[in-house]
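Q: When you get a sec, could you give me coordinates for this:
(chains A, B and C)
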Amino acid sequence: MLPLYILDDVNSGNWAMGGASRWWLHHSLAALNASLDGRLLVLRGDPLHLVPALAREVGASAVHWNRCYEPWRITRDKALKEALQQAGLAVHSHNGALLWEPWQVRKSDGTPYQVFTPYYRRGCLGSTPPRAPLPAPASLTLHWSAAAGQAGIDALALLPQIPWDGTMKATWHIGEAAALQRLQAFMAQGLAGYKEGRNFPQRPNVSRLSPHLHFGEVSPHQVWQAAQRAGLEQGVEEDLDCFQSELGWREFSHALLYDHPDLSETPLQRRFAHFPWQDDPALLRAWQRGMTGYPLVDAGMRELWQTGYMHNRVRMVVGSFLVKNLLTHWRHGEDWFWDCLVDADLAANSASWQWIAGCGADAAPYFRVFNPVTQSERFDPQGAYIRRYVPELAALPDKYLHDPASAPSQVLAAAGVTLGLTYPHPVVDLKASRERALAAFKQLQDSAP
DNA sequence: TGAAATGTTGGGGCG
DNA sequence: ACGCCCCAACATTTC
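A: Below you'll find the model as predicted:
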């Protein structure tokens, strides 16, 4: 057997892997290569040419891969399969990424679900339960190739030219072994209390498995089964259901992308094609850099920049802020997350931005506008998360930490904060921008129901 | 997986 | 004792 990874920047169109993901991929491939005794062959280029040529060269009789669900990959792999079969090879694709195949979860009339809850409850849970994880092969006979190993990984040039990855290195342990450790740690320390604790960015109740899942270091089948066991053992059925339904959202996103190949570019609700987005470049930049003057938003955007990750509650808050308060097109948020997230996943990223913008399937209603100050007071009451990522505000008392612009000038001075100098003034007024968004969204609602 | 405005209720201070 | 007002606490409505 010859284990092969190809970095494909040829067929990926607008969705070539982003910077943070490339960083993760480098370390993930290194770990995989090590576990294969340095025999992982790593190439870059067009698999449509590389795979048939390599198969000929080594005299392969069969090619196996795990299915990917990005539209450009489906197109590519279909063509590759045909080419290989015409050359007389057996081709086997497998499911290593999803608990339920998108084309198998259908309403009784055969059409796809549009709403998450029936999709998950009836469509997924009502059909066959997820299969158990497969055991590792007892033994592998690995083809020897002089071109295999770390040199091939280094040749992909996935690591940054300027070293922006210091905090990322300190944040993550990458690879299959690390993923399994994270899985065990979460089941032991995070699952109990998940339903409530998952909303608080400083609590240990989120799994942080998303990048491991995205890169296939752990399968959703392993995660599902581990949760099932731990949840029943610990008697925390409610937390278990809630956690598994989050895996369900991951499935739902993939199903949406499968049924709507333009999900990443085009609003599912057509009337949004004409929405009056403002798209002010200075405001977009303030959001990207974590300089909006709203501490929870800025903490989230800086967590993203420094670690390649953002807590889910905070993703909703910063997304709502960009799309509603700043009235910026969700595609800008999608692009930024795509480049910055180590867990960047086309299906989840696109579906989630459409969800928060209100133009997706089963989307957030247009009038749901998160107030970043209220959310901060509710979910980071002691300000631990804000103080970690917005240290210039650390000396402010809790009462004013969530909204420094509301603090009396003596309080700001005592904390060493000068608005406009050490920390930005708010880039928009929350009340006014909320009302502006509600008016714009309401008009869209009324004009084309 | 909202927030704000508006409505309702009931206790307590007070003339 | 009584009516009145205030306001907190909660519920409902609206966007």
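Q: Which helix runs longest in chain A?
A: Using DSSP state H to define each element, chain A has its longest helix at helix A:237-259.
Q: Skip the chain neighbours and tell me the closest residue to A:His27.
A: Leaving aside its sequence neighbours, A:His27 sits nearest to A:Ile174 (Cβ to Cβ, 6 or more residues apart in numbering; 4.0 Å). For the C-beta atoms, the positions are set from N, CA and C on the backbone; glycine is no exception.
Q: Could you report the separation of the one you found from DNA strand C?
A: 43 Å (Cβ to the nearest atom of the strand, to the nearest Å).
Q: re earlier: just the CA trace of the very next helix or strand once past the longest helix of chain A, in PDB.
A: Proceeding C-terminally, helix A:237-259 gives way to helix A:281-289 as the next helix or strand, assigned by DSSP states H and E. As requested, C-alpha coordinates have been extracted for helix A:281-289 and formatted as PDB (Å, rounded to 0.1, in the frame of the first residue of the first chain):
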ATOM      1  CA  PRO A 281     -13.800  48.900   4.300                       C
ATOM      2  CA  ALA A 282     -12.700  50.800   7.500                       C
ATOM      3  CA  LEU A 283     -15.400  49.100   9.600                       C
ATOM      4  CA  LEU A 284     -14.600  45.700   8.100                       C
ATOM      5  CA  ARG A 285     -11.000  46.300   9.000                       C
ATOM      6  CA  ALA A 286     -11.900  47.400  12.600                       C
ATOM      7  CA  TRP A 287     -13.900  44.200  12.900                       C
ATOM      8  CA  GLN A 288     -11.100  42.000  11.500                       C
ATOM      9  CA  ARG A 289      -8.500  43.400  13.800                       C
END
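Q: Give me the distance from helix A:281-289 to the chain's centre.
A: 21 Å (Cα atoms, centre = their mean, to the nearest Å).
Q: now swap in stretch A:78-94 and tell me
A: With Cα atoms, centre = their mean, you get 30 Å for stretch A:78-94.
Q: neighbouring contacts of that stretch?
A: Stretch A:78-94 is contacted by residues A:47-48, A:51-52, A:55-56, A:60-67, A:77 when judged by Cβ atoms under 8 Å, 6 or more residues apart in numbering.
Q: do the same with stretch A:95-104
A: Applying Cβ under 8 Å, 6+ apart, the set of residues contacting stretch A:95-104 is A:66-69, A:112, A:123-124, A:127, A:130, A:216, A:219-221, A:224, A:247, A:251, A:254-255, A:258-259.
Q: Would you mark the buried spots in it?
A: By 16 or more other Cβ atoms under 10 Å, the buried positions in stretch A:95-104 come out as A:97-100, A:102.
Q: what about it, average pLDDT?
A: Mean pLDDT, stretch A:95-104: 98.
Q: How about stretch A:319-327?
A: Here the average pLDDT along stretch A:319-327 is 98.
Q: Can you name every helix or strand that the longest helix of chain A contacts?
A: helix A:116-118, helix A:194-197, helix A:220-234, helix A:346-357 (3 or more Cβ pairs under 8 Å, 6 or more residues apart in numbering; DSSP states H and E).
Q: Would you mind giving both backbone torsions of A:Val297?
A: In terms of degrees, to the nearest 10, the main-chain angles of A:Val297 are phi -60, psi -50.
Q: Which residue is the nearest non-sequential neighbour of A:Pro204?
A: Distance criterion Cβ to Cβ, 6+ apart; nearest residue to A:Pro204, sequence neighbours excluded, is A:Gly190 at 5.2 Å.
Q: Next, count neighbours for the one you found.
A: 21 (other Cβ atoms under 10 Å).
Q: OK, contacts around it?
A: By Cβ under 8 Å, 6+ apart, A:Gly190 lies in contact with A:197, A:204-207.
Q: thinking again about what came up before, quick one: pLDDT of the residue nearest to A:His27?
A: Confidence score, pLDDT, at A:Ile174: 98.
Q: Got the phi and psi for it?
A: phi -110, psi 150.
Q: Please report how far the spatially closest residue to A:His254 that is not a sequence neighbour lies from A:Gly360.
A: The shortest distance from A:His254 to any residue other than its chain neighbours is 4.4 Å, reached at A:Ala347 (Cβ to Cβ, 6+ apart). The gap separating A:Ala347 from A:Gly360 is 12 Å, by Cβ to Cβ, to the nearest Å.
Q: And for A:Pro47?
A: Relative to A:Gly360, A:Pro47 is positioned 31 Å away (Cβ to Cβ).
Q: next one: A:Ala439
A: Note on A:Ala439: its distance to A:Gly360, by Cβ to Cβ, is 21 Å.
Q: Pick out whichever of the two has more residues nearby.
A: A:Gly360 (24 against 10).
Q: isn't the more buried one right next to A:Asn349, touching?
A: No. With contact defined as Cβ atoms under 8 Å, A:Gly360 does not reach A:Asn349; the gap is 11.9 Å.
Q: Enumerate every residue touching the closest residue to DNA strand C within chain A.
A: Evaluated by Cβ to the nearest atom of the strand, chain A has A:Phe367 as its residue closest to DNA strand C, separated by 3.7 Å. If a contact means Cβ under 8 Å, 6+ apart, then A:Phe367 has A:438, A:441-442 as its contacts.
Q: Is it in a helix, a strand, or coil?
A: coil (DSSP: H, G, I helix; E, B strand; the rest coil).
Q: which parts of chain A sit against DNA strand C?
A: Proximity of chain A to DNA strand C, by Cβ under 7 Å from any atom of the strand, involves residues A:367, A:438-439, A:442.
Q: Max pairwise distance over those: which two?
A: A:Phe367 and A:Ala439 (10.9 Å; Cβ to Cβ).
Q: Please work out which residue of the stretch 51-200 of chain A is closest to DNA strand B.
A: Going by Cβ to the nearest atom of the strand, DNA strand B is nearest to A:Phe116 of the stretch 51-200 of chain A, at 6.1 Å.
Q: And A:Ile6, which helix or strand is it part of?
A: Element membership for A:Ile6, per DSSP H and E: strand A:4-7.
Q: which helices and strands does that strand pack with?
A: helix A:19-35, strand A:41-44, helix A:47-58.
Q: and of these, who's closest to A:Gln234?
A: Of these, nearest to A:Gln234 by Cβ to Cβ is helix A:19-35, at 30.0 Å.
Q: contact partners of that closest one?
A: So helix A:19-35 is contacted by A:3, A:5, A:7, A:17, A:39-40, A:42, A:148-150, A:153, A:156, A:158-160, A:165, A:168, A:172, A:174-178, A:211, A:214-215, A:217, A:308, A:339-342, A:344 (Cβ under 8 Å, 6+ apart).
Q: I'd like the average pLDDT over it.
A: pLDDT averaged over helix A:19-35 gives 98.
Q: ditto for stretch A:71-91
A: So the average pLDDT for stretch A:71-91 ends up being 98.
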